[in-house]
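1. return a 3D structure for these sequence lines:
(one chain, ligands or ions: 2)
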Amino acid sequence: MSRHSPDFHPALRALHWLMAAAVLAMLFIGVGMVSTTGTAYVTLLALHRPLGIAILLLVLLRLPLRIMTGAPALPDDLPRIQKRAAVASHILLYLAMAGMPFIGWAMLSAGGYPVLLTKSMALPAILPRDLALYAFLRQAHTVVALLFFALILAHLSAALMHGLIRRDGVLRSMTVGHRRAGVSPKQDDADD
Ligand code: HEM
Ligand code: HEM
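-> Ligands and ions are numbered 1, 2, ... in the order given. Down below sits the predicted model:
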């Protein structure tokens, strides 16, 4: 759905930045966790599980809000292939934000490990214990994390291209918004 405002809904903008910080933290916590042992490993894993499940809950809140409030139209002069790439990459980002926590949860279930959120609170297993499946999901968690990281780097490059080179208001639509910045969408084009 397209939106009349040139900006994303304020709640979507807040969720975008909150979740961007959480996902980036999770990627680094994950890599840090598997590169260490001892108490640091235990502490990082104790942070990794609940933060990952929080991302899953936030994406379940964000998706209906996104469907209800829509997205501002991309600039008319943006080549069609770039518009398509933007839509496809956003769908993949949503899939990864929901998929990574699910794989984590499923993998611990298949490995027979408790999915602890706090010391005394655990989520139910979503798969029966199956070590071959655990091995597969453990690999999938790594591979999808690497692809997710690459996708985020491409997304960041595209956002910087809009904000610093094209200066077409796309970055502003996800940050302070046009009204707060005192800029009309037409001025975006005139700025170039
Ligand atoms: C957005 C969500 C998530 C991201 C971005 C993420 C990312 C990562 C990364 C990058 C690794 C290191 C992989 C490697 O180098 O092999 C990892 C490992 C792991 N993650 Fe996640 N993860 C997420 C959600 C979850 C959730 C929800 C759980 C469990 C409930 C979980 C459980 C684990 C476990 C158990 C490991 C491996 C620890 C080990 O083998 O020692 N992850 N994660
Ligand atoms: C780190 C710096 C980041 C910047 C500067 C940034 C910037 C932006 C901008 C400008 C948009 C609007 C693009 C458009 O309408 O075409 C956007 C959308 C989006 N971003 Fe980011 N982003 C960042 C990180 C992330 C991260 C880490 C994630 C997720 C893991 C993410 C997920 C998304 C998604 C899913 C959308 C589509 C929004 C929607 O249509 O609901 N972003 N981002």
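2. which strands and helices sit next to the strand or helix carrying Leu153?
-> Using DSSP states H and E, Leu153 sits within helix 131-160. Identification of packing neighbours for helix 131-160 by 3 or more Cβ pairs under 8 Å, 6 or more residues apart in numbering; DSSP states H and E yields helix 10-34, helix 80-111, helix 170-174. To be clear about C-beta, it is placed using only N, CA and C from the backbone, and glycine gets the same treatment.
3. what comes up buried for that helix?
-> Residues Leu133, Tyr134, Leu137, Ala140, His141, Val144, Ala145, Phe148, Phe149, Ile152, His155, Ala158 are the ones in helix 131-160 that count as buried (16 or more other Cβ atoms under 10 Å).
4. averaged pLDDT, that helix. What do you get?
-> Throughout helix 131-160, pLDDT has a mean value of 98.
5. need the phi and psi values for Thr36.
-> When read as degrees, to the nearest 10, the backbone of Thr36 gives phi -140, psi 170.
6. name the element the closest residue to it other than its chain neighbours belongs to?
-> With sequence-adjacent residues excluded and distances taken as Cβ to Cβ, 6 or more residues apart in numbering, Thr36 is closest to Leu44, at 7.1 Å. Leu44 belongs to helix 38-69 when assigned by DSSP H and E.
7. that helix near ligand 1 at all?
-> Yes - using Cβ under 6 Å from any ligand atom, helix 38-69 reaches ligand 1 at His48, Arg49, Gly52, Ile53, Ile55.
8. which pLDDT value belongs to the spatially most central residue of the chain?
-> Nearest residue to the geometric centre of the chain (Cα atoms, centre = their mean): Met97, 4.5 Å. What the model reports as pLDDT for Met97 is 98.
9. okay, now the nearest residue to it once chain neighbours are set aside: neighbour count?
-> Excluding the flanking residues, the one nearest Met97 by Cβ to Cβ, 6+ apart is Val59, at 4.6 Å. When counting by other Cβ atoms under 10 Å, one arrives at 22 neighbours for Val59.
10. Val59 is in contact with Gly99, isn't it?
-> No - counting by Cβ atoms under 8 Å, Val59 stays clear of Gly99, with 9.6 Å between them.
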